[in-house]
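A.B. asks: Only the shape, not the letters, is given here:
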């Protein structure tokens, strides 16, 4: 769908998915030329929460911005993914999580594929300012820049033994300027 989702619009599950909650069991959401901004979830997915076996895609100029996951231990300020997530020509900007994954938190069951998208000025709490990956993530022709955390992986944090594949992707200007 096209349009603006703001101010905790579609959250049917308290604490999860301040803007959009995609339940499991094969549920799917496609956001095309959409703005998902200024939403809050207490636990995870300030902008979008994708439950296991759910699918979400942002594309064609979509923006996920200024969303928050607010409680101590919260994850995924912009997007929290337990299922499948795909971003094409999208921007993730100014999102914040208290613990990890300011722009995107990809959980141990999540698969994330990002193409021609930008993660800019997100705050991931302690790890993964732009992206926290705990399973499999692929970034292609994308930018991860000016993201911030207090500990490790200002741009991208990848858990031990997991895979983050970067193809023609810039991961620079993040603080701290390291990856894990």
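C.D. replies: Nice, thanks for sending it over. Computed from a prediction, not measured in an experiment: that's the story for all the values here.

A.B. asks: Check the gap between residue 71 and residue 46 for me.
C.D. replies: Separation of residue 71 from residue 46 (CB to CB, to the nearest Å): 11 Å. Quick note: C-beta positions are derived from backbone N, CA and C, even for glycine.

A.B. asks: For these two, indicate the residue with more neighbours.
C.D. replies: Taking other CB atoms under 10 Å, residue 71 and residue 46 do not tie; residue 46 has more neighbours (36 against 13).

A.B. asks: contacting residues around the nearest residue to the more buried one once chain neighbours are set aside?
C.D. replies: Setting aside the residues directly before and after it, residue 46 is nearest to residue 67 in space (CB to CB, 6 or more residues apart in numbering), at 3.3 Å. The contact partners of residue 67, by CB atoms under 8 Å, 6 or more residues apart in numbering, come to 18-19, 36-41, 46-47, 77-78, 95-96.

A.B. asks: Pick out the residue closest to the middle of the protein.
C.D. replies: In the chain, the residue lying closest to the centroid (CA atoms, centre = their mean) is residue 104, at 1.9 Å.
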